[in-house]
Every structure is written in structure tokens, then in C-alpha cells.
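1. below is the structure, and that's it, no one-letter string:
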């Protein structure tokens, strides 16, 4: 139960976690959820890139801390007059990608939030990795009950990493 990490660093900022730290945080989420091994891309960017993505995908023209993009399997395009049975006899023959999705995290926003909230920078990074990964697994915080469930999971997982409750006042 571990994540297959594809780390992309698209920033010159040096105040970012190591690949080993990110891997540990991801593996803790996967272990807690008893999740099968999946590939996850973590892309660390500056404000310009996150702002552009936030505008393009969420219609918000401002930077944000983390964006999550769950992998969606594209539909199989079949020729007319076929149901696909002549292509594959069973789904066992289809190689399904082992992808969970992508996280895009902004260095400046994470650093600014950590400072404003009186948190250790790496603790806030861990929280963003945990938070974003839970989104990739389908958790959300739009409704109050969903938010409570997701926050409880985050607190529990971060506690396993010896990190304080990120929602308490610091």
C-alpha cells in the first residue's frame, strides 16, 4: 500500500519538501485508507502556474495552495456497429492505467499560509499533500458532513505523522 510518486519541480524556490518526505506523507494516506498501489504526480509550482490552472479549471483568478486532478479513464471509442466484444474477450485483457491523479501545489501560497497560521512550513506542506490526496480518493468538503469527515481523516493521518491538528488555532 504505497504511492508511486512522480515528482515534478517547476519552481526555483528551495523551501520545499524532499521527495522522501512527500513519499512518506503519501504512503501514510494510502496506508490509512488501505488503498492499493497507485501512481500520483505531485507538481510543485510558482504562483503564475497555479493561478493559470485555478482560473482555467475553477474559474478563480487567484493563486491557491493545492489543486487536485483525479485521473479519469477516457471512454473507449469503438467503431460503429460493434459492441467491442471482438476487440477484447474480457476486461482481464485490458490494461487499466494504475493512476490516481495529479496534485499541483504552490510554494508561495503554502509558505504564506504557514506563516500567517503560525505553522511549521513542512507541517503545512504535509497537510496540503494529505488534503489533496484525499480529494484524489474522492473526499470533499463542500457539504458540512463531508467537511467534517475529511477534516477528521486529515487530523488522524497527520497525527500519525506527529503533526498537530491543522484546524486548531495556532
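-> In hand now; what should we look at? No experiment lies behind these values; they were computed from the predicted model shown.
2. show me the contacts for residue 158.
-> Residue 158 sits next to 123, 126-127, 130, 164-166 when contact means Cβ atoms under 8 Å, 6 or more residues apart in numbering. (C-beta placed from N, C-alpha, C; glycine too.)
3. any stretches of this protein with poor pLDDT?
-> 1, 74-97, 170 (pLDDT under 70).
4. just checking, what packs against the helix or strand residue 125 falls within?
-> Secondary structure assignment for residue 125, by DSSP states H and E: helix 121-136. With contacts defined as 3 or more Cβ pairs under 8 Å, 6 or more residues apart in numbering; DSSP states H and E, helix 121-136 has these neighbours: helix 19-33, strand 38-45, strand 66-70, strand 99-106, helix 107-116, helix 144-160.
5. what about the closest residue to residue 126 other than its chain neighbours, neighbour count?
-> Distances taken as Cβ to Cβ, 6 or more residues apart in numbering place residue 25 nearest to residue 126, at 4.9 Å, with adjacent residues excluded. By other Cβ atoms under 10 Å, the residues close to residue 25 number 26.
6. what does the one 5 residues further on give?
-> Taking other Cβ under 10 Å as the criterion, the count of residues near residue 30 is 20.
7. please list all residues in contact with it.
-> Applying Cβ under 8 Å, 6+ apart, the residues near residue 30 are 1-3, 37-38.
8. between the helix holding residue 125 and helix 107-116, how many degrees?
-> Helix 121-136 and helix 107-116 are oriented at 120 degrees to each other (axes from the mean of the first three to the mean of the last three Cα atoms, to 10 degrees).
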